[in-house]
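1. Got a sequence here, can you model it:
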Amino acid sequence: MLLNVDLSDQRPVYQQLRDQVVEAIADGVIHEGNRLPTTRQLAADLAVNFHTVAKAYDLLRQEGFIQVSRKTGTAVRITGEGPAPEWRAGLRTVLAEAFAKGMPKEEILAACREVLDSFGASRRTDGSLA
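-> Residues are numbered from 1 along each chain as shown. All right, here's what the predicted structure looks like:
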């Protein structure tokens, strides 16, 4: 998995890292049990502050995407729980931006389907990750 930082991106670096890990899981690039670099190693690789990576990892841990262990390090852990309730608020805002700028509903729905179809992670019939 290759993580990178875009300094021209308006999102904070920790949010960029968090988002990239989540997208890598959805894309099937990383799977349950895969190890992530240590916070110090990733910070050194990306030339960012250690605390920035720690904040991203802490957010991922709180959201149930990774498990952090002093013995075994940081690994991807997918919980069967659904996303935090706040995800709908974020989705609502993104969709509202497109709609408010005059994008037709059909085009918005098509874009949503295109993004969902772009995820490479295989899913079981019950919706969980395979």
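2. so where's the protein shaky on pLDDT?
-> Applying pLDDT under 70 to the chain flags the ranges 1, 80, 82, 121-130.
3. ok, V53 - contacts?
-> Counting by CB atoms under 8 Å, 6 or more residues apart in numbering, V53 makes contact with 14, 17, 39-40, 42-43, 46. Backbone N, C-alpha and C define where each C-beta goes, glycine included.
4. Quickly note the distance from the residue with the largest distance to the centre of the chain to I108.
-> Counting by CA atoms, centre = their mean, the extreme residue of the chain relative to its mean C-alpha position is G102, 28.1 Å from that point. From G102 over to I108 the distance is 11 Å, taken as CB to CB, to the nearest Å.
5. This structure - how does it break down into domains?
-> Split into domains by automatic domain parsing, the chain comes to 13-76, 86-118.
6. can you list those domains in CSV and add distance to D6?
-> Below are the domains of the chain laid out as CSV (distance: least, CB to CB, whole Å):
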stretch, distance to D6
domain 13-76, 7
domain 86-118, 19
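7. tell me the most buried of those?
-> domain 13-76 (a mean of 16; mean count of other CB atoms under 10 Å).
8. Just give me how far it sits from the chain centre.
-> Its chain's C-alpha centre and that of domain 13-76 lie 9 Å apart, by CA atoms, centre = their mean, to the nearest Å.
9. swap in stretch 68-78?
-> Using CA atoms, centre = their mean, the offset of stretch 68-78 from its chain centre is 17 Å.
10. ok, and what's touching that stretch?
-> Residues outside stretch 68-78 that contact it (CB under 8 Å, 6+ apart): 25, 30-39, 57, 61, 64-67, 128-129.
11. Find the residue at the geometric middle of the chain.
-> Against the mean C-alpha coordinate of the chain, by CA atoms, centre = their mean, the closest residue is V22 at 2.1 Å.
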